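# Predicted model and sequence follow; I will ask about them next.
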Amino acid sequence: MADTVITSAANPEIKAIRALSTKKGRQEQNAFLSEGLRHVVEAARAGWMIRRLVVADQQTSSPVLEEARLACLDAGGRVITVSGELMTRIARRDNAQSVIAVIEQKTSPLASVTAGPGALWVALESVRDPGNLGSVMRSADAFGARGVILIGHTVDPFSVEAVRATMGAIVNVPMIRCDAAAFLAWRASWPGRVVGTHLAGPHRPEGLRASTPTVLLMGNEQAGLPPEIAKACDTLVRIPMRPGADSLNLAAATAIMLHALAGGAGGLE
């Protein structure tokens, strides 16, 4: 089947794709943009539905590109060829990737959070920075966490900035979205432990490794964990810093905690 060639930015299909750079557009279409051939193929292999595959006309044919094309067509999508200039307008940045996909959004319910031996999950409360969220998802993927629970008014994980920051990890890390009340109600029946970070935490990260199912709970960049959420933790941890240091970036703090927990919980050596 021949690809569709589109040359105009005024084309309705291109307008719909470009609208995915806005939260409204993503909500209306229930889709998001993923840039780069490797990331697109990883999404297809992980079972994500590719609705559109946009390919720059200078992109060289390859077996990997053909795999992405077939994945899109098998899902009932369309493959579109555009000029490099039009690809730049779609990506809204210079040096755009030569392959961009429109992928259907996918999240999981709280009921999917399993508590098997060694289960490790990350829960984020009202995280506002897309770069932080994307970096946390990269760390969750690297340390073998089973998924990320997004609590409250968290930044859109499918925004262009957040997806870019995940460097492809978004397709490997299941996401759950819920409000604080739903999380606290669910936590009441969680058979494992909940470990949170807090400035008043009496514990250090060392010695936390265990095969016990664990949820790592991290708070907002500015305010940290609110009192009602902090009370849901079995263990509160304070990451030691030199006297006078202000704070750690959320993504860095989460990576430190995942490293402390993952030796037993994530099964990493």
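Good, I have the coordinates. These figures come from a predicted structure and were not determined experimentally. Residues are numbered from 1 along each chain as shown.

# can we go C-alpha only for contacts and neighbour counts from here?
Will do.

# May I have the phi/psi pair for residue 259?
phi -60, psi -40 (degrees, to the nearest 10).

# What residues does it make contact with?
residue 143 (CA atoms under 8 Å, 6 or more residues apart in numbering).

# how close does it sit to residue 14?
42 Å (CA to CA, to the nearest Å).

# what ranges do the strands span in this structure?
4-5, 31-35, 50-56, 78-82, 99-104, 120-125, 147-151, 175-178, 193-197, 214-218, 235-237 (DSSP state E).

# Correct me if wrong: residue 169 contacts residue 138.
Yes. With contact defined as CA atoms under 8 Å, residue 169 and residue 138 form a contacting pair (5.4 Å).

# do you know which of the strands of the chain lies nearest residue 187?
Residue 187 sits nearest to strand 193-197 of all these, at 8.5 Å, using CA to CA.

# Figure out how far the closest one is from the centre of its chain.
20 Å (CA atoms, centre = their mean, to the nearest Å).

# ok, now stretch 71-85?
With CA atoms, centre = their mean, you get 24 Å for stretch 71-85.

# Go through that stretch and flag the buried ones.
71-73, 77-84 (16 or more other CA atoms under 10 Å).

# Also stretch 233-241?
For stretch 233-241, using 16+ other CA under 10 Å, the buried residues are 233, 235-239.

# from those residues, which single one is nearest residue 176?
The nearest member of the buried residues of stretch 233-241 to residue 176, counting by CA to CA, is residue 233 at 18.8 Å.

# give me every residue that touches that closest one.
Counting by CA under 8 Å, 6+ apart, residue 233 has contacts 193-196, 217.

# for residue 250, same thing?
So residue 250 contacts 132, 218, 220-221 (CA under 8 Å, 6+ apart).

# Most widely separated two among those?
132 and 218 (11.6 Å).

# These two: which has the busier surroundings?
residue 218 (25 against 22; other CA atoms under 10 Å).

# measure stretch 212-223 end to end?
28 Å.

# Report the buried residues of it.
212-221.

# and which of those is nearest to residue 147?
Closest approach between these and residue 147, by CA to CA: residue 215, at 9.8 Å.

# Quick check: the closest one vs residue 54, distance?
For residue 215 relative to residue 54 (CA to CA), the value is 38 Å.

# ok, which stretches of the stretch 151-269 of the chain are helices?
With helices called from DSSP state H, counting those that start in this stretch, the stretch 151-269 of the chain shows them at 160-166, 180-187, 227-230, 250-262.

# can you give me phi and psi for residue 172?
Here is the backbone geometry of residue 172 (degrees, to the nearest 10): phi -100, psi -10.

# can I assume it is in contact with residue 46?
Yes. Between residue 172 and residue 46 there is a contact under CA under 8 Å: 6.9 Å.

# Give me the more crowded residue out of the two.
More crowded of residue 172 and residue 46, by other CA under 10 Å: residue 172, with 19 against 11.

# Please name the residues that touch the more buried one.
Going by CA under 8 Å, 6+ apart, the list of residues near residue 172 reads 43, 46, 141.

# Those in helices, which ones?
Secondary structure from DSSP state H places 43, 141 of the contacts of residue 172 in helices.

# From the contacts of residue 172, pick the one nearest residue 226.
residue 141 (26.2 Å).

# What is the burial count for that closest one?
Count around residue 141 with other CA under 10 Å applied: 21.

# pretty sure it is touching residue 174, no?
No. Using CA under 8 Å, residue 141 is not in contact with residue 174; the gap is 9.7 Å.

# tell me the phi and psi of residue 119?
Torsion angles, degrees, to the nearest 10, at residue 119: phi -60, psi 130.

# That one and residue 159, how far apart?
From residue 119 to residue 159 the distance is 28 Å (CA to CA).

# So what's the residue count around residue 110?
Using other CA under 10 Å: residue 110 sits among 16 other residues.

# so it makes contact with residue 175?
No. At 9.3 Å, residue 110 does not count as touching residue 175 under the criterion of CA under 8 Å.

# domain parsing for this structure?
4-104, 110-262 (automatic domain parsing).

# Run a quick neighbour tally on residue 195.
24.

# Kindly report the same for residue 59.
Residue 59 has 15 neighbours, counted by other CA under 10 Å.
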